Each structure stands twice: as C-alpha cells, then as structure tokens.
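Participant: Kindly generate the corresponding structure for this input.
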Amino acid sequence: MPSLTTALREIVLQLALLIVTLAAVELLLRLADLRELREGYRQGSYLAYRYDAELGWSSVPNAVGTFTGSRTIHVQNNSLGMRDIEHKGPRRPTVLFLGDSFVWGYDVEANERFTELLRTELPGLNIVNAGVSGYGTDQEYLFLNRIWSTFQPDVVVLIFCVMNDRIDNSLNMTDGGHYKPYLARDIDGNFHFAGQPVPKSRYTYFAENRLVKNLWLARAAVTGYVHWRYPEISVPDPTERLVMMMKELVESRGAKFLVGVQYHDQQLEAYLQAQKIRYTSFEGADSYERDGSHWTPKGHVLVAKRLKDLLFETGAIKVAEPSP
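Facilitator: This is a model prediction of the structure:
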C-alpha cells in the first residue's frame with residue numbers, strides 16, 4: 001500500500017496540474033478575447049447601464065463617459081438616468097420622444113441630436129429625450145408608463161427603428177445577450193408582458209461579482225449557465241399591437257400620439273393609416289455606413305425638420321411653426 005507521504009505527494013501533484021491547466025485555459029481565453037466574454041457592450045466603449053428587473057436595463061443617473069461607435073462621442077446622463085438636460089422650471093407644453101439608439105443619439109454629440117435642434121427652434125416647448133439604446137417598442141411602452149408622472153407630456157412621439165424594432169419586439173433578449181421583457185399572447189388571445197422579472201444577463205454578473213469580473217474562466221462558466229437556464233424565446237411579431245397599446249395609453253391620459261418611422265415600412269405605415277395615427281418618415285436622412293447606420297448630424301437636421309412639420313401639421317402643439 002502507498003504510504004501517506006506518497007498519497008499526499010500524488011494529491012499535490014494533481015492539484016498542481018489542475019492549477020496549471022486552469023491557468024493555461026484562463027490565458028487562452030484572455031488571448032482569444034471572445035466577444036461573449038467581454039465585460040462591456042463593446043471593448044473600448046462606454047455605456048452606463050444597470051440591471052432593471054422590469055425593463056431589462058436602464059441608464060445610470062448622472063453617469064459621464066465616452067462611447068465609440070462610428071465616432072467617439074461624450075455621454076452625460078441627467079439625474080433620472082436619461083441622456084438629456086435636467087427638466088426644471090415652470091410647466092410648459094411638453095413633447096416627449098421615445099425610441100432606441102436613434103433617439104438616444106448614437107454616433108452624435110448631444111447638441112447634434114434632433115431633440116436639441118427642436119429645443120432651439122421651439123423654445124416655448126419642453127422637449128424630452130427619452131431614448132434608450134437597444135430598447136424595443138415593448139420596453140419603450142413600459143418606460144413611458146414609468147416616467148409619465150414625472151413629465152406628464154402633452155405629446156408623445158414614438159420613433160420606430162425599421163432595422164431592428166420588429167426583431168427586438170419578437171424576442172426575450174437582444175443579439176448581444178441582454179434579456180428583456182416581451183409581449184406574449186395567452187391561449188385566450190389576451191396580451192400580457194412576460195419575462196418579468198427579467199433574468200440577469202451575463203454582463204450583470206461580470207459587473208457585480210468580483211470573481212466573475214476578474215476570471216475569464218468564471219465568465220465562461222456563467223455565460224454557459226445563463227444561456228442554458230434562460231434560452232432565447234421567440235414570439236410572433238407584436239409590433240402593431242404594441243403601437244396600439246401605446247396610443248391607447250397616451251390618449252387615455254389626454255395627450256396626443258404621433259409616430260416617426262426611420263424609413264418607409266409598408267406594413268407599419270398601412271397600419272398607422274388604418275388607425276388614423278399621424279406619422280412621418282425620415283427616408284433620406286443621412287446615416288453612417290456602418291455600426292447600425294445611425295443618423296449623422298446632417299441626418300438629425302432632416303429628422304428635426306420633418307418632426308417640426310409633423311407637430312405643426314397635426315396641430316399637436318399650438319406653439320409649433322412650419323419649417324421654412
């Protein structure tokens with residue numbers, strides 16, 4: 001029989017081999033720099049988000065940083081976590097814009113966005129930018145309901161991203177792996193929000209757990225577990241239903257509902273016309289050629305003009321004036 005010393009030696013040897021193997025795998029994972037295991041939205045970029053059990057994620061209040069897409073821009077959130085000014089002072093007619101990264105201002109500085117351009121051209125209005133990068137129409141509906149009492153808008157304008165909103169609305173996660181709520185239909189035909197509380201994404205664990213943050217092996221283990229525990233769920237596209245729900249929410253509270261469409265979408269536009277929802281299209285707005293084809297500063301000028309015309313033509317606000 002082997003002596004106790006020999007047995008201990010064997011155990012120590014096996015532990016040493018295990019440690020060396022794990023260290024080698026850790027090194028290989030770091031060198032491979034797999035996108036799935038990166039800590040943030042994109043290596044070298046900054047978006048100040050935090051886990052939100054209702055919405056999936058929300059922006060961090062008062063966060064300041066930079067973000068690099070097609071160009072590097074500065075980001076500064078207000079005390080509510082929105083990339084917007086602080087809304088103080090006497091009550092004025094309020095127009096609130098909802099949307100994803102196109103409203104948030106991906107690839108443009110804050111003062112280059114259509115909301116800031118409208119704020120300059122229409123000083124009698126309180127212009128609210130409630131855009132959040134990555135949101136689908138479902139999250140925008142829930143977010144609007146959350147912030148309604150804060151702003152009590154007179155007009156709500158939904159900016160619809162034709163490129164990906166339908167896909168986002170049909171899934172319980174984004175292509176980057178962030179989980180989100182989604183609108184589902186039960187066997188009785190009734191719609192309800194599902195996937196809440198929203199599961200934590202791997203990025204949440206990367207940020208909140210020190211071991212997972214610092215060891216890529218732990219990141220790989222967490223990533224595998226999250227994908228296994230919360231697989232992707234797909235539902236029939238509920239976009240038109242979500243638009244109607246938002247219209248009903250806005251009008252039930254005495255406000256006016258309008259829509260802006262990134263570019264022409266025959267199905268959505270036919271629905272908007274059938275439901276007598278006034279809208280405008282931003283077809284032809286200048287965009288960057290990569291990384292989501294977001295509007296350039298020049299593109300935001302066109303968007304602002306068409307939104308100003310929409311506000312005037314629909315009589316949404318009396319203080320709006322037609323564009324020259």
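
Participant: mind listing the strands for this protein?
Facilitator: Under the criterion DSSP state E, the chain contains strands at 49-52, 56-59, 64-68, 72-76, 94-99, 126-131, 155-160, 182-185, 191-194, 256-261, 279-281.

Participant: could these go into TSV alongside mean pLDDT?
Facilitator: Below are the strands of the chain laid out as TSV (pLDDT from 0 to 100):
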stretch	mean pLDDT
strand 49-52	90
strand 56-59	93
strand 64-68	88
strand 72-76	92
strand 94-99	97
strand 126-131	97
strand 155-160	98
strand 182-185	95
strand 191-194	95
strand 256-261	98
strand 279-281	97
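
Participant: For Ala110, which of those strands is the nearest?
Facilitator: Of all the strands of the chain, it is strand 72-76 that lies closest to Ala110, at 7.1 Å by CB to CB. C-beta here means a position set from N, CA and C on the backbone, and glycine is covered the same way.

Participant: domain parsing for the protein?
Facilitator: 1-32, 91-195+234-313 (automatic domain parsing).

Participant: With mean neighbour count added, can I get the strands of the chain in a markdown table?
Facilitator: Shown next, in a markdown table, are these (neighbours: other CB atoms under 10 Å):
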| stretch | mean neighbour count |
| --- | --- |
| strand 49-52 | 19 |
| strand 56-59 | 24 |
| strand 64-68 | 14 |
| strand 72-76 | 15 |
| strand 94-99 | 24 |
| strand 126-131 | 24 |
| strand 155-160 | 25 |
| strand 182-185 | 20 |
| strand 191-194 | 13 |
| strand 256-261 | 22 |
| strand 279-281 | 19 |
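
Participant: okay, those in JSON lines with distance to Glu36 next?
Facilitator: What follows is the strands of the chain, written out as JSON lines (distance: least, CB to CB, whole Å):
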{"stretch": "strand 49-52", "distance to Glu36": "18"}
{"stretch": "strand 56-59", "distance to Glu36": "18"}
{"stretch": "strand 64-68", "distance to Glu36": "20"}
{"stretch": "strand 72-76", "distance to Glu36": "25"}
{"stretch": "strand 94-99", "distance to Glu36": "28"}
{"stretch": "strand 126-131", "distance to Glu36": "27"}
{"stretch": "strand 155-160", "distance to Glu36": "30"}
{"stretch": "strand 182-185", "distance to Glu36": "22"}
{"stretch": "strand 191-194", "distance to Glu36": "25"}
{"stretch": "strand 256-261", "distance to Glu36": "33"}
{"stretch": "strand 279-281", "distance to Glu36": "37"}
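
Participant: Point out the one among the ones you listed that comes closest to Val226.
Facilitator: strand 49-52 (12.6 Å).

Participant: Now tell me what touches the closest one from outside.
Facilitator: Residues outside strand 49-52 that contact it (CB atoms under 8 Å, 6 or more residues apart in numbering): 41, 57-60, 198, 200-201, 204, 208.

Participant: Look up the closest residue to Asn77, ignoring the ones flanking it.
Facilitator: Using CB to CB, 6 or more residues apart in numbering and skipping residues adjacent in sequence, the residue nearest Asn77 is Ala63, 4.7 Å away.
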